[in-house]
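here is my input; please provide its structure:
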Amino acid sequence: MKNLVLPRSTGARIGLIAAVWILAITVSHLYLHREKHAPNLVRMGYMPVISNLASPLVDYATKGDDLHFEALKFSSFSEMGEAFRSGHIQAAFIIAPLAIALFEQGVPLKIVYIGNRHESTMVVRHDIKCESASDLRGKTIAVPIRYSGHYLAIGRYLRQHGMDRSAVNIVEVPPPEMPAALASAQIDGYFAGEPFAAKALSDGSAKRFLNVESVWPKFICNVLIVRNELIRDHPQWVGELVADAARSGIWAERHLHEATKIVSGYWGQDPGSILYTFSHPPGRFRFDLYVPVAEELNEVFQEMRGEGLTVSAMSIGAIVEDRFARAVEQDYSGAAEDVFSIKGGHETGPRTQVALP
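Here you go, the predicted model:
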């Protein structure tokens, strides 16, 4: 069979059509890629605890926007700290003493927001006698990391009861691993942010020993840190992130079931455990104390000095940047029906249901 020879004009037309087709495909690919990845992206590290509730909610609300705050979940605070140090993430909802330690080590950062208060609980195994400070003697209690408010709070609790820290064996365990370690009797108890204590309380493997606010009123667990260059180059972005984070807690309180559905998809946790946390006891968490205050953070710093976690004589004011939190509108009621209401001046994305991760 002979090959069909097309007239030159026909071949040229087909070549032109093919070129236009290829160009159209390329443009479509670039458009779809743009839709998938916001042109302006801020990556936030977080751990799946109540004081970091803002991170998944803000991620969910800003997906598809020109400015997207992307939430990246970490399995440990140490891992998150290294990611922030390297610049892989530009913001982090991180445990307060570790934020101070990173700053002391020369990492350029500022604390711009405080996560909700009173969300940390110490639990002990249900089958051991442990009802008072003296019962802790010789027990093995886990904390997320030495550079944590939980480590400091245990020391404060023991001092309040005339005991030395050496009376208790304190070990480091990542919070997601704590319930299993308790159930297998590798540890006698643990002190962590919720909902990890609630998980053991709800399944009966643990009993509540203390709530952190009984030891340390207005306890600061996690703070939001951002890199200095983000504040320098994009202060408006930082302002929007802080405002969204602050409003997300107020919205979540008023729309608990919807908030739980969203965050459980990010955290990979049973929504029932999260709801249990909010209702045992109800009204425990404070979402309105989000402005970083130097005096409160200095209290954390002085506890670190007392425990030998720092010998620095730094002024804690050097790490605090409160202008973004102070600028958040105080009249936000969280009454709107959907999570997109937490967004302030960057409502450029679709206000429709977004697929959970």
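
all the strands of the stretch 101-250 of the chain, in order from the start?
Taking DSSP state E, counting those that start in this stretch as the criterion, the stretch 101-250 of the chain carries its strands at 109-114, 120-125, 140-143, 169-172, 189-193, 206-211, 222-227.

need the ones you listed in CSV with mean neighbour count, can you?
Bear in mind the C-beta positions are built from the backbone N, C-alpha and C, glycine included. Shown next, in CSV, are these (neighbours: other CB atoms under 10 Å):
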stretch, mean neighbour count
strand 109-114, 25
strand 120-125, 26
strand 140-143, 22
strand 169-172, 15
strand 189-193, 27
strand 206-211, 19
strand 222-227, 28
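
adding mean pLDDT and distance to Arg326, write the ones you listed out as a markdown table.
Converted to a markdown table, the strands of the stretch 101-250 of the chain look like this (pLDDT from 0 to 100; distance: least, CB to CB, whole Å):
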| stretch | mean pLDDT | distance to Arg326 |
| --- | --- | --- |
| strand 109-114 | 97 | 10 |
| strand 120-125 | 96 | 25 |
| strand 140-143 | 97 | 32 |
| strand 169-172 | 97 | 35 |
| strand 189-193 | 95 | 25 |
| strand 206-211 | 96 | 29 |
| strand 222-227 | 97 | 14 |
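
just send those back as JSON lines, with distance to Arg305 too.
JSON lines is the format used below for these (distance: least, CB to CB, whole Å):
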{"stretch": "strand 109-114", "distance to Arg305": "18"}
{"stretch": "strand 120-125", "distance to Arg305": "21"}
{"stretch": "strand 140-143", "distance to Arg305": "18"}
{"stretch": "strand 169-172", "distance to Arg305": "18"}
{"stretch": "strand 189-193", "distance to Arg305": "21"}
{"stretch": "strand 206-211", "distance to Arg305": "24"}
{"stretch": "strand 222-227", "distance to Arg305": "18"}
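
out of those, flag the one nearest Ala313.
strand 109-114 (18.7 Å; CB to CB).

give me the helices and strands touching that closest one, please.
When contacts are defined as 3 or more CB pairs under 8 Å, 6 or more residues apart in numbering; DSSP states H and E, strand 109-114 packs onto helix 96-104, strand 222-227, helix 228-233, helix 235-254, helix 323-326.

next, the angle from it to helix 235-254.
30 degrees (axes from the mean of the first three to the mean of the last three CA atoms, to 10 degrees).

would you pull up how far strand 109-114 lies from the middle of the chain?
13 Å (CA atoms, centre = their mean, to the nearest Å).

what does that strand rub up against?
Contacts with strand 109-114, where a contact means CB atoms under 8 Å, 6 or more residues apart in numbering, come from 54, 84, 96, 99, 102-103, 220, 222-228, 231, 238, 241-242, 245-246, 289-292, 297, 319-322, 324-325.

export that strand as CSV, just CAs?
Provided in CSV are the C-alpha atoms of strand 109-114 (Å, rounded to 0.1, in the frame of the first residue of the first chain):
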residue,chain,number,x,y,z
LEU,A,109,12.0,33.8,64.8
LYS,A,110,9.3,35.6,66.7
ILE,A,111,6.3,34.4,68.8
VAL,A,112,3.2,36.0,67.3
TYR,A,113,0.3,34.0,68.8
ILE,A,114,-0.5,31.8,71.7
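
angle of that strand against helix 96-104?
On the basis of the same axes, to 10 degrees, strand 109-114 is oriented at 160 degrees to helix 96-104.

of the helices and strands packed on strand 109-114, which is nearest Asp59?
Short answer: helix 235-254, nearest of those by CB to CB, at 9.8 Å.

centre of the chain to the closest one, how far?
13 Å.

what separates Val42 from Ala243, distance-wise?
For Val42, the distance to Ala243 equals 13 Å [CB to CB, to the nearest Å].

please list only the buried members of the contacts of strand 109-114.
Neighbour-count burial (16 or more other CB atoms under 10 Å) is assigned, among the contacts of strand 109-114, to 54, 84, 96, 99, 102-103, 220, 222-227, 231, 238, 241-242, 245-246, 289-292, 297, 319-322, 324-325.

report the contact partners of Leu41.
So Leu41 contacts Leu67, His68, Glu70 (CB under 8 Å, 6+ apart).

where's the second one, which helix or strand?
Assignment of secondary structure by DSSP states H and E places His68 within strand 67-73.

and for Leu41?
Going by DSSP H and E, Leu41 is part of strand 40-46.

by contact count, what packs against the following helix or strand past that strand?
If you walk from strand 40-46 toward the C-terminus, the next helix or strand you reach (DSSP H and E) is helix 54-62. Helix 54-62 is packed against strand 40-46, strand 67-73, helix 235-254, helix 256-267, with contacts defined by 3+ CB pairs under 8 Å, 6+ apart.

now these in JSON lines, with mean pLDDT and distance to Ala192?
As requested, these are exported to JSON lines (pLDDT from 0 to 100; distance: least, CB to CB, whole Å):
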{"stretch": "strand 40-46", "mean pLDDT": "96", "distance to Ala192": "15"}
{"stretch": "strand 67-73", "mean pLDDT": "96", "distance to Ala192": "16"}
{"stretch": "helix 235-254", "mean pLDDT": "93", "distance to Ala192": "19"}
{"stretch": "helix 256-267", "mean pLDDT": "92", "distance to Ala192": "14"}
